[in-house]
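> I would like to see how this sequence folds:
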Amino acid sequence: MPPFPQSATEGSAQPTAAASVAPKARELTRSLKPRHVSMIAIAGVIGAGLFVGSGAAIQQAGPGILVAYAAAGLVVILVMRMLGEMAAASPETGSFSAYADRALGRWAGFSIGWLYAWFWIIVLGIEATAGAAIVHRWVPEVDQWVWALLLMVLLTLTNVASVKSFGEFEFWFASIKVAAIVVFLVLGIVAILGFMPGVAAPGLDNLTGRGGFFPNGAGAVLGGVLVVVFSFFGAEIATIAAGESQNPVAAVRQAVRSTVWRILIFYIGSIAVVVTLLPWDSASVAKSPYVAAIELYGIPGAGAIMDVIVLTSVLSCLNSGLYTASRMLFSLSTRGDAPRSWAQISARGVPRSAVLASTIVGFVTVGLNYIAPDTVFLFLVNTSGAIALFVWLVIAASQLILRRRMGPDAAKALSLKMWLFPYLTWFAILSILALLVGMLIIPETRESLGLSLLLAGLLLGVGLWRYRGGRGGSGVGNTQPMVGKVHSESHHSQK
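All right, here's what the predicted structure looks like:
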């Protein structure tokens, strides 16, 4: 299968002499099994926001939030299909950042790569603090900041050990989340059908009897899209992990093709159960819709059960966040866009310097969350607010350009294709632009958009200055497919 063609100015992106004499800096392992990548893809979609943040969305749009989830899910499905087309043709750790190099120019890969790494490093501080708050409720004798530190150290050790260790932890984290949602859905369907003792079948009362399906109007649904769309960010992690899987192309195809049912079942399915069983405007739904539903089932300890599930989601996000940030920093380093030391690989094929760099900045963000939560940390969080939309926009633009550069024979040979190209690609681009306009219009998201644009503008300026005139950076070599450059973990362990 031919890789996507490179741009006419990408001569600077060919391997340099320095890179050719130091191939070890390019070696990652292929030790992720299909089950690992499959669960990484699922974990990327199911975050703590589904269990915790969905209550506010339901309060805003009522049962119509299902339309908001469906609309946001459609955008994500299209983005993943476009990314999957590029990743199946050329699987690599840099993913969309490397594809932006080829499609838009080196400045684009530089800018979006650093934006993406920054997003996940900020997430580390948020998730470590959230997880520490849960554990602190169980063991209040230990200060919350100590728990945050311990959680960060635990997941750092997991990522430093080997990519297989990361994959195994993520597999079990995702399995717990999937099992929880499946049980929730089964019990919900039983209750909706009237087969659960002590729970009357709700019929359509909660869907249409409390102000209608759109109790707050269509505008609330549009606003709800902006609330829920960011909960889907993370689905793209599977295409990054595919570069270290035993069969990258097959892993990408499986992850992308399963995006539809993951969104339908885990998001739309579980939210449909909540708004069917419970009044959308009840205080318990606003506080925690899943806890409210579990209490309706008559299961004791609903709050404690949800704490365990949310903590699992937090640990999963920490684990995958460290992995994702480190791999993007590694990829940037191999292309000359980050310190060279971050491209160094351990004997077991892990970019430990990149992992530790991510962890150190993550520790700083955790500290800022305790020292200045309402000023400095909030400012940093807001700089990452619109990064998801920027990433999706770059993915769509890259796919549009790279696909158009391909000849008809090469396009026909693609193992995974974007549907109805270029029409759905343009639909996705316009939808993402509409979401950005929505963030500008809605007062609650305007500041976050402004700060995200400020950060993006700074990085874009640096990228344009750095690569003015089509100039490449030093060590810019790794825009070729990672296939053939990745070695099995067993090979490293035998050295």
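
> so where is the stretch 101-250 of the chain shaky, pLDDT-wise?
Within the stretch 101-250 of the chain, no stretch has pLDDT under 70.

> just checking, L50 touches S231?
Yes - here L50 reaches S231: they are 6.1 Å apart, a contact under CB atoms under 8 Å. Where you see a C-beta, it was placed from the backbone N, CA and C, and this is true even at glycine.

> quickly list what's touching both of these two.
Y267 (CB atoms under 8 Å, 6 or more residues apart in numbering).

> find the nearest non-adjacent residue to G269, please.
Of all residues not flanking G269 in the chain, L185 sits nearest, at 5.7 Å (CB to CB, 6 or more residues apart in numbering).

> run the chain-centre distance for the helix or strand that neighbour falls within.
Taking DSSP states H and E as the criterion, L185 maps to helix 163-192. In terms of CA atoms, centre = their mean, to the nearest Å, the centre of helix 163-192 is set 17 Å apart from its chain centre.

> look at K495 and report its pLDDT.
As predicted, K495 sits at a pLDDT of 41.

> who's in contact with A386?
Per CB under 8 Å, 6+ apart, neighbours of A386: L436, M439, S448, L449, S452, L453.

> apply 6 Å and report the result again.
L449, S452 (CB atoms under 6 Å, 6 or more residues apart in numbering).

> same question, E170
By CB under 6 Å, 6+ apart, the residues touching E170 are I40, A43, N319.

> how close does it sit to S162?
In this view, E170 and S162 are 13 Å apart by CB to CB, to the nearest Å.

> count of residues packed around the residue nearest to G269?
L185 has 16 neighbouring residues, counting by other CB atoms under 10 Å.

> quickly find the element holding the nearest residue in space to A200 that is not next to it in sequence.
Nearest non-adjacent residue to A200, counting by CB to CB, 6+ apart: G194, 7.0 Å away. For G194, there is no enclosing helix or strand under DSSP H and E.

> correct me if wrong: G194 contacts A201.
Yes - between G194 and A201 a contact is recorded at 3.1 Å, counting by CB atoms under 6 Å.

> you'd agree V142 is in a strand?
No - counting by DSSP: H, G, I helix; E, B strand; the rest coil, V142 is not part of a strand but coil.

> helix or strand: which one has the nearest residue to it once chain neighbours are set aside?
Once flanking residues are discounted, V142 sits nearest to H136: 7.0 Å by CB to CB, 6+ apart. Per DSSP H and E: H136 is located in helix 106-138.

> and that helix, which residues are buried?
By 16 or more other CB atoms under 10 Å, the buried positions in helix 106-138 come out as 106-136.

> what's the answer for stretch 219-231, then?
A220, V221, L222, G223, G224, V225, L226, V227, V228, V229, F230, S231.

> what do you get for stretch 400-407?
For stretch 400-407, by 16+ other CB under 10 Å, it's L400, I401, L402, R403, M406.

> so which of these are in helices?
In this view, these that belong to helices under DSSP state H are L400, I401, L402, R403.

> which of those lies closest to T239?
L402 (14.5 Å; CB to CB).

> now the angle from the helix or strand containing V391 to helix 106-138?
For V391, the host element (DSSP H and E) is helix 387-405. Counting by axes from the mean of the first three to the mean of the last three CA atoms, to 10 degrees, helix 387-405 points 140 degrees away from the direction of helix 106-138.

> now the element after helix 387-405, going C-ward?
helix 408-412.

> tell me which stretches of the chain form strands.
28-29, 486-487 (DSSP state E).

> worst mean pLDDT among the ones you listed?
strand 486-487 (a mean of 41).

> wait, V366 touches E127, no?
No - counting by CB under 6 Å, V366 does not reach E127; the two are 9.6 Å apart.

> now L416: how far from H36?
L416 sits at a distance of 20 Å from H36 (criterion: CB to CB).

> repeat that for G349.
15 Å.

> which non-adjacent residue is nearest the spatially most central residue of the chain?
Nearest to the geometric centre of the chain sits G234, at 1.0 Å (CA atoms, centre = their mean). Excluding the flanking residues, the one nearest G234 by CB to CB, 6+ apart is G44, at 3.8 Å.

> and the one you found, what does it touch?
Per CB under 6 Å, 6+ apart, neighbours of G44: G234, A235, I237.

> so which of those residues is the closest to I294?
Nearest member of those to I294, counting by CB to CB, is G234, at 24.7 Å.
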